[in-house]
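In: Need a 3D model of the sequence below.
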Amino acid sequence: MLDLLNLPFMQNALWASILTSIACGIIGSLVVVNRLVFLAGGVAHSAYGGVGLAFFLGLPVLPCTLGFTLFTSGLLGAITLNRDNRTDTVVGLIWAAGMAFGIILIDLTPGYNVDLMSYLFGSILTVPDSDLWVMLVMDLFIVGLVTILYRGFLVMSFDREYAKTLGLSVTFYYFLLLSLVAVSVVMIVRVVGLILVIALLTIPAYLAERKCLSLAQMMFKSILWSIVFCILGLWVSFTFNITSGASIIAVATITFFIFLCIDFCHKRFFHES
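Out: Alright, predicted model coming up:
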């Protein structure tokens, strides 16, 4: 593994893993505690419409995808904010419509671009230096904003009615959280792709939530879990010559089920005794 660190593309992959994990840990924790996993999945998968739009118009992919994903997150937020019923149907509809829109635009784009699959399944081993700088800026934005508004996110996440009595705008924080999900999705797309992005957002946060005393501690542990998954996934990918994004998610999923079994056995045998 140490020999791999001498390779420039592997160094970039490790930096991308760390930068992506920061966003995953912070935003993924907020997504999990607010029970917005399916909604975040809708934002993530509809982002493929932005990829298709970028190729169709000949625009830079990441900025165009970010703009489209922010628009989609705002649309989903407006539809689901005060509707407790049937929101899953709406999210599923926009989820599918966004991907279909992207596929149609790509089909209408002359020629074939070999980079398209990397946006679906990730290509962390090909992340250039320019993308690392973009990731760093996005991380600084996410960390700075969440730090400043941490108390508001904390109160909204655990008791929205109490947040309203304190004079906090739940609507503002709700839309802001979905916008941060959109930013995170655009970051993660180069690591694991749009198809697998929701797993990297939620699995580390779920594992971190098991034994945490605060939201901040959950975010920190989630970042560490995400880094571990990315590094182990890279090693598996390089060793067995398989897709890096899928390897990262495979490692995360196996770990998830191991802890799920441990929790089940603990409740089954120790509580009964």
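In: Run through this protein and note the low-pLDDT ranges.
Out: In the predicted model, the chain carries pLDDT under 70 at residues 1-5, 83-86, 112-116, 270-273.
In: make it 80
Out: 1-9, 81-90, 111-123, 125, 190-196, 211, 263-264, 266-273 (pLDDT under 80).
In: What separation is there between the one residue sitting closest to the centre of it and Cys24?
Out: By Cα atoms, centre = their mean, the chain has its centre lying nearest to Leu201, at 3.9 Å. Leu201 sits 6 Å away from Cys24, going by Cβ to Cβ, to the nearest Å. Glycine gets a C-beta too; all of them are placed from N, C-alpha and C.
In: about what we covered before: which secondary structure element contains the residue nearest to the centre of the chain?
Out: Applying DSSP states H and E as the criterion places Leu201 in helix 193-209.
In: Quick one: work out the angle between the next helix or strand after that helix and helix 193-209.
Out: For helix 193-209, the following helix or strand on the C-terminal side (DSSP H and E) is helix 215-240. Comparing the axes of helix 215-240 and helix 193-209 via axes from the mean of the first three to the mean of the last three Cα atoms, to 10 degrees yields an angle of 130 degrees.
In: helices or strands up against helix 215-240?
Out: Other helices and strands packing on helix 215-240, by 3 or more Cβ pairs under 8 Å, 6 or more residues apart in numbering; DSSP states H and E, are helix 8-33, helix 150-158, helix 193-209, helix 244-265.
In: what residues are shared contacts of Leu201 and Cys24?
Out: Common contact partners of Leu201 and Cys24 (Cβ atoms under 8 Å, 6 or more residues apart in numbering): Ser184, Ile188.
In: circling back to that earlier point, check whether the residue nearest to the centre of the chain really touches Met187, as I assumed.
Out: No - shown here, Leu201 and Met187 do not form a contact pair, counting by Cβ atoms under 8 Å, at 10.6 Å.
In: contacting residues around the closest residue to the residue nearest to the centre of the chain other than its chain neighbours?
Out: Leaving aside its chain neighbours, Leu201 sits nearest to Gly28 (4.2 Å; criterion: Cβ to Cβ, 6 or more residues apart in numbering). For Gly28, the contacting residues are Ser184, Leu200, Leu201, Thr202, Pro204, Ala205, Ser222, Ser226, by Cβ under 8 Å, 6+ apart.
In: The fourth one contacts Val37, doesn't it?
Out: Going back to what we said before, that points to Thr202. Yes - shown here, Thr202 and Val37 form a contact pair, counting by Cβ under 8 Å, at 5.4 Å.
In: list the helices and strands the helix or strand hosting Leu120 packs on?
Out: Element membership of Leu120, judged by DSSP H and E, is helix 116-121. Where contact means 3+ Cβ pairs under 8 Å, 6+ apart, helix 116-121 is packed against helix 48-57, helix 193-209.
In: now do 10 Å
Out: On a contact count with 3 or more Cβ pairs under 10 Å, 6 or more residues apart in numbering; DSSP states H and E, helix 116-121 meets helix 48-57, helix 61-80, helix 87-108, helix 193-209, helix 244-265.
In: any chance of these in a markdown table, plus distance to Val127?
Out: Formatted as a markdown table, these follow (distance: least, Cβ to Cβ, whole Å):
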| stretch | distance to Val127 |
| --- | --- |
| helix 48-57 | 16 |
| helix 61-80 | 11 |
| helix 87-108 | 21 |
| helix 193-209 | 12 |
| helix 244-265 | 10 |
